[in-house]
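Colleague: Mind folding the following:
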Amino acid sequence: MRFAVGAPRVFAISVTAGEHGYTGALVVDATADKQLAAERCDDLVTALALVTALAIDPSAAAREPAVTRAAAPPPPVTPRAWTLDGALDIINGRSLSRLWAAAGAHGLLRWPAASSRYFGQLQLGVAVPIIRDRYRFMPGIVIYEMPPVTAWLGLGLGLRFP
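Modeller: Predicted coordinates for the structure are as follows:
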């Protein structure tokens, strides 16, 4: 949408992501008018759009919508066999940094074992995590759970220095 050059009012909206959510500001004619905050970006943008609309026309919220008598009725809605309604959201989403530890054992096979500068090696091991983390999307929906025992394999090539 283009506005006329020299319009009587100028609106500017800014949205900033922060550590605890999003903040937004509505600036009218270079003066900060409203500042809002929300955990979700789409909630903040919706609120800023409403505040902007009311700043443009403050009486819009008090008026009832005009009824057009000549308007055609809406087309009938065809029912579907199934529908999906709603939104998926991460409930109580959080990030966590902590020490992760596991007990384990490994074996090493090196060839040649001695007397050569070049060698290859094979390591095979198992680990038992002390804490088994679970990653959930919503209550009752586990996306991933750490297995009780994990195995690992390592291959390597090397060069001995004198």
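Colleague: Report how many residues lie close to residue 156.
Modeller: When neighbours are counted by other Cβ atoms under 10 Å, residue 156 registers 11. No exception for glycine: its C-beta is placed from N, CA and C like everyone else's.
Colleague: Least confident secondary structure element in this protein?
Modeller: Sorting the helices and strands of the chain by mean pLDDT, DSSP states H and E puts strand 134-138 at the bottom, at a mean of 68.
Colleague: Dump the C-alpha coordinates for whatever helix or strand comes next after that strand into CSV.
Modeller: Note on strand 134-138: by DSSP states H and E, the next helix or strand toward the C-terminus is strand 141-145. Output in CSV follows, covering the C-alpha atoms of strand 141-145 (Å, rounded to 0.1, in the frame of the first residue of the first chain):
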residue,chain,number,x,y,z
ILE,A,141,4.5,-36.7,23.1
VAL,A,142,8.1,-37.8,23.6
ILE,A,143,10.2,-36.9,20.5
TYR,A,144,13.4,-38.6,21.7
GLU,A,145,14.6,-40.5,24.7
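Colleague: does residue 47 count as helix, strand or coil?
Modeller: Using DSSP: H, G, I helix; E, B strand; the rest coil as the criterion, the local structure at residue 47 reads helix.
Colleague: dump the residue contacts of the residue nearest to it when sequence neighbours are not counted.
Modeller: Among residues not flanking residue 47 along the chain, residue 36 sits closest, at 5.3 Å (Cβ to Cβ, 6 or more residues apart in numbering). Contact analysis of residue 36 by Cβ atoms under 8 Å, 6 or more residues apart in numbering lists 23, 24, 25, 26, 44, 47, 48, 51.
Colleague: What of residue 144?
Modeller: Residues counted as contacts of residue 144 (Cβ under 8 Å, 6+ apart) are 134, 135.
Colleague: same deal with residue 38?
Modeller: 21, 22, 24, 44, 47.
Colleague: Next one: it from residue 18, what distance?
Modeller: Separation of residue 38 from residue 18 (Cβ to Cβ, to the nearest Å): 11 Å.
Colleague: Would you mind measuring from residue 46 to residue 40?
Modeller: 9 Å.
Colleague: who touches residue 41 in this structure?
Modeller: Counting by Cβ under 8 Å, 6+ apart, residue 41 touches 15, 17, 22.
Colleague: now do 10 Å
Modeller: Residue 41 makes contact with 15, 17, 21, 22, 24, according to Cβ atoms under 10 Å, 6 or more residues apart in numbering.
Colleague: Just give the number of residues close to the third one.
Modeller: For residue 21, the count of nearby residues is 14 (other Cβ under 10 Å).
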